[in-house]
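> Using only what follows, build the 3D model:
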Amino acid sequence: MKILRIEPTMAMTGLPRSTIYHYMKIGSFPKSIKLGARSVGWLEEDIVAWIRARQAVQG
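As a prediction, the model looks like this:
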């Protein structure tokens with residue numbers, strides 16, 4: 001299990017930071033994990049699952 005910070009998450013999804021946080025706010029992106037006082041990350045497996053789900057919807 002690997003935790004990704006914002007930059008690798010942006011690279012994997014192709015989304016800018018603001019869109020990732022917007023999708024999180026509306027509940028259509030995996031929630032972040034608090035790593036410290038000013039840092040968060042996402043589980044790589046959650047991001048991969050999110051990408052696969054988007055691919056499945058698009059056909």
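> And for residue 4, the neighbour number?
Burial of residue 4 is recorded as 19 neighbouring residues (other CB atoms under 10 Å). (Glycine included, C-beta is placed from N, CA and C.)
> Can you tell me the element residue 18 falls in?
Assessed by DSSP states H and E, residue 18 sits inside helix 17-26.
> mind listing what's buried in that helix?
Using 16 or more other CB atoms under 10 Å as the test for burial, helix 17-26 gives residue 20.
> which other residues reach that helix?
Helix 17-26 has contacts (CB atoms under 8 Å, 6 or more residues apart in numbering) with 6, 9-10, 13, 15, 29-32.
> average pLDDT for that helix?
Mean pLDDT, taken over the full extent of helix 17-26, equals 98.
> again, but for stretch 42-57
Rounded to a whole number, the mean pLDDT of stretch 42-57 is 96.
> buried ones in that stretch?
The neighbour-count criterion (16+ other CB under 10 Å) identifies 42-43, 46-47, 50 as the buried residues of stretch 42-57.
> mind putting those residues in JSON lines, distance to residue 22 and secondary structure included?
Output for those, formatted as JSON lines (distance: CB to CB, whole Å; DSSP: H, G, I helix; E, B strand; the rest coil):
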{"residue": "42", "distance to residue 22": "15", "secondary structure": "strand"}
{"residue": "43", "distance to residue 22": "20", "secondary structure": "strand"}
{"residue": "46", "distance to residue 22": "17", "secondary structure": "helix"}
{"residue": "47", "distance to residue 22": "16", "secondary structure": "helix"}
{"residue": "50", "distance to residue 22": "14", "secondary structure": "helix"}
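> Show me which of the residues you listed is closest to residue 1.
residue 43 (6.3 Å; CB to CB).
> Run through the residues that contact that closest one.
When contacts are counted by CB under 8 Å, 6+ apart, residue 43 touches 1-4, 30, 33.
> For residue 46, which non-adjacent residue is closest in space?
With CB to CB, 6 or more residues apart in numbering as the measure, residue 30 is the residue that lies nearest to residue 46, at 3.9 Å, once sequence neighbours are left out.
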